[in-house]
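>>> Model the structure of this input:
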Amino acid sequence: METFAADLSTMVRTPLWDSHIAAMRKVGTLVDVAAGEWFQKAGERIDTFHYLLSGETEAINAATGKRYGAATLGPGQFFGELAFLTGGRAFMGGRAVQDSQMLCVRRDDMLRLMSDIPELSDIIITVFAARRRRMLENSEGGLTLIGGETNRDIRRIASFAARNRIPFNEVEIDSTEGSDLANQCRIDRAHPAVVFAKHQVIDPPTPRGVAQMLGLDMALRKEDVYDVAIVGGGPAGVAAGVYAGAEGLCAVVLEDLAVGGQAGTSSRIENYMGFPTGISGGDLVGRGEIQAMKFGTRFAMPVRAQELMQCEKHLFHVHLDTGDWVSAKALIVATGVQYRRLPLDKLEQLEGSGVYYAATDVEARYCKNTEVAIIGGGNSAGQAAMFLARTSKHVHLLVRGKGLAASMSDYLLQRLESHPGITIHLCTEVKELHGDEVMSGITVRDRISGQDWRLDTRALFVMVGAAPNTDWLSGLVELDSRGFVKTGREVGGGNAYETSRAGIFAVGDVRAGSVKRVASAVGEGSVVMSAVWAHINDT
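Model (predicted):
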């Protein structure tokens, strides 16, 4: 199966061209770095591209204080990884092993060169992405999570980090490593915590706290006016971000949890053209995010749109849950849909400690070698069942209807029916959740016989329903009876994606009448940009 980046260990090194280096010299500065001197410290904002002309440098793992990997960087190589594109904080420190000379280019100048010289961009981004992949696979160079086995807040951070491709390592709270780290950080050794490097405790231990520490929460000011603001970082929103940047528009993508949206929870997508061996939803959209950042599109997360207004200057202003405002000449609504919360007692208190809405590697670890239940009859539920069946004791797919043929792809249904570790229960529904701090089981009702039966499980995955995320639109655009955004001539839109209000466009699953498929969402996010261009030019 494809991933979002190449494998660094099997890559053939491609050096920068002489013409690339010449272009960098025109805007860069020569800097001498003495042996043992730091030129980049972990946790600092990345504002410089470091290209090594002579000498030797090493990357330092912030968690151990030791050299990362077995190799050093020599002349003709460059330091850094994907956080450079966003101006985030460095996961690794950089230090000279011997006296070295570096060609240093300011980040803004380097991004401009990468935009103007595609071959330069291709080499750098391929290496940066491969380095991030290695960090993720080795669980090195990022966060250390203490106590995820007992604390649902730490589990939420693990899910946030995994879905945003932030490297992290999990440590049990009563382990020797956990105690040692607690002593170093001067925190209660029995208290769950999130630590960056060897001493920086992230407080509060929330996804937003992690984003602030790592520089994912870009500064947003109401007086800054973007050409287009894209609300939602799923396939449609990221595709719009790619094309906005490619067309030279100043664009920002606002996402409340993780780039990928609901598609990011899919463990395997096999019916998207160009990926015959399949790719996870997170990796597919992650590739798009890298493309968008290459073209200059900015991403801010986790931020949630709460209110929308339009001023007398015809600008759109999005009020966020952080208290910030984002202003833009045009607005793309790509907030997609979310799984519905079931009307079950204890649902909220067990979310994150037994009830989940995504099936990724993180959630799979928490239900390893146990019975697992999944509610849902769509492709997402089917892919989750196939994925979780690899490590769980048995997977029970609970379906309210009488069959799956109308809601699930045929190839996937055949795999589910033939898998010995998966049982499909038709005409069933969950009636009760058991457990206080952690789920211990569920009660399932057979809707035909009316009989109840208990399933002892520590994990229930809810993947049912499609509630559109449109409350924040504040009545500025017309919605259908289910809350989806209406577009096109029916509501006076100038094209298929414009809403009842000029300058606001809707794409992807949130749009009424759209085909609820990843490929369709990507297509809509791409095509809408011509209409956005026309609106901006006319205002």
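>>> When you work out contacts or count neighbours from here on, use the C-alpha atoms and nothing else.
Noted.
>>> Which parts of the stretch 1-150 of the chain are strands?
Assigned by DSSP state E, counting those that start in this stretch, the stretch 1-150 of the chain shows strands spanning 29-33, 38-40, 48-61, 78-79, 92-106, 143-146.
>>> Show residues contacting the third one.
When contacts are defined by CA atoms under 8 Å, 6 or more residues apart in numbering, strand 48-61 is touched by residues 66-68, 71-80, 84, 91-107, 110, 140-141, 197.
>>> That strand to strand 92-106, inter-axis angle?
170 degrees (axes from the mean of the first three to the mean of the last three CA atoms, to 10 degrees).
>>> how many degrees apart are strand 48-61 and strand 29-33 in direction?
On the basis of the same axes, to 10 degrees, strand 48-61 is oriented at 30 degrees to strand 29-33.
>>> Determine how far strand 48-61 lies from the middle of the whole chain.
29 Å (CA atoms, centre = their mean, to the nearest Å).
>>> Give me the buried entries from the contacts of strand 48-61.
67-68, 73-74, 77-80, 84, 91-98, 100-107, 110, 140-141, 197 (16 or more other CA atoms under 10 Å).
>>> So residue 443, which state does it fall into?
strand (DSSP: H, G, I helix; E, B strand; the rest coil).
>>> State the distance from the residue of the chain most remote from its centre to residue 61.
Among the C-alpha atoms of the chain, the one farthest from their average position, using CA atoms, centre = their mean, is that of residue 449, at 42.5 Å. According to CA to CA, to the nearest Å, residue 449 and residue 61 sit 59 Å apart.
>>> Equivalent analysis for residue 437, please.
Using CA to CA, residue 437 is found at 35 Å from residue 61.
>>> quick one: which of the two has more around it?
Legend: neighbour count by other CA atoms under 10 Å for residue 437 and residue 61, higher for residue 61 (21 against 15).
>>> Which pLDDT value goes with the more buried one?
Per-residue pLDDT puts residue 61 at 91.
>>> Can you give me the distance of it to residue 55?
20 Å.
>>> picking up where we left off before, are we agreed that the residue farthest from the centre of the chain is in a helix?
No: counting by three-state DSSP, residue 449 is not part of a helix but coil.
>>> where along the stretch 301-450 of the chain do the helices fall?
Ranges of helices within the stretch 301-450 of the chain are 347-350, 361-366, 379-388, 410-418, based on DSSP state H, counting those that start in this stretch.
>>> hey, where'd the strands end up in the stretch 351-500 of the chain?
So, for the stretch 351-500 of the chain - with DSSP E, counting those that start in this stretch - the strands run 355-356, 371-375, 394-398, 422-425, 428-435, 439-446, 452-455, 459-462, 467-468.
>>> closest one to residue 147 among the ones you listed?
Among those, strand 439-446 comes nearest to residue 147, with 17.2 Å by CA to CA.
>>> same for the closest one, what does it pack against?
strand 428-435, strand 452-455 (3 or more CA pairs under 8 Å, 6 or more residues apart in numbering; DSSP states H and E).
>>> Let me see the mean pLDDT of it.
96.
>>> contacts for it?
With CA under 8 Å, 6+ apart, strand 439-446 has contacts from 350, 353-355, 427-435, 451-459.
>>> Same check on stretch 284-298?
Contacts of stretch 284-298 (CA under 8 Å, 6+ apart): 3-5, 85-86, 111, 114-115, 121, 234-235, 238-239, 241-246, 248, 250-253, 259-260, 264, 299.
>>> That stretch: which residues count as buried?
Taking 16+ other CA under 10 Å as the criterion, stretch 284-298 shows 284-286, 288-298 as buried.
>>> can you list these in JSON lines and add distance to residue 223?
Output for these, formatted as JSON lines (distance: CA to CA, whole Å):
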{"residue": "284", "distance to residue 223": "34"}
{"residue": "285", "distance to residue 223": "30"}
{"residue": "286", "distance to residue 223": "30"}
{"residue": "288", "distance to residue 223": "28"}
{"residue": "289", "distance to residue 223": "25"}
{"residue": "290", "distance to residue 223": "27"}
{"residue": "291", "distance to residue 223": "27"}
{"residue": "292", "distance to residue 223": "23"}
{"residue": "293", "distance to residue 223": "22"}
{"residue": "294", "distance to residue 223": "25"}
{"residue": "295", "distance to residue 223": "23"}
{"residue": "296", "distance to residue 223": "19"}
{"residue": "297", "distance to residue 223": "18"}
{"residue": "298", "distance to residue 223": "16"}
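>>> May I see the buried residues of stretch 408-428?
Buried residues in stretch 408-428 (16+ other CA under 10 Å): 408, 413, 416, 421, 422, 423, 424, 425, 426, 427, 428.
>>> Same question for stretch 199-209.
By 16+ other CA under 10 Å, the buried positions in stretch 199-209 come out as 201, 202, 205, 206, 207, 208, 209.
>>> Pick the one among these closest to residue 131.
Closest to residue 131 out of the buried residues of stretch 199-209 is residue 207 (23.1 Å), distances taken as CA to CA.
>>> could you say which helix or strand contains the closest residue to the closest one other than its chain neighbours?
Nearest non-adjacent residue to residue 207, counting by CA to CA, 6 or more residues apart in numbering: residue 157, 5.5 Å away. Using DSSP states H and E, residue 157 falls within helix 152-163.
>>> which secondary structure elements does that helix contact?
Against helix 152-163 (3+ CA pairs under 8 Å, 6+ apart) you get strand 143-146, strand 168-171, helix 207-214, helix 361-366.
>>> among these, which is the most enclosed?
With neighbours defined as mean count of other CA atoms under 10 Å, those peak in mean count at strand 143-146, which reaches a mean of 26.
>>> picking that back up, what's the farthest-apart pair in the buried residues of stretch 284-298?
284 and 296 (19.2 Å).
>>> which ones are touching the residue nearest to residue 308 when sequence neighbours are not counted?
Distances taken as CA to CA, 6+ apart put residue 318 closest to residue 308, at 4.8 Å, once the chain neighbours are dropped. The contact partners of residue 318, by CA under 8 Å, 6+ apart, come to 305, 306, 307, 308, 309, 325, 326, 327.
>>> Good, wrapping up.
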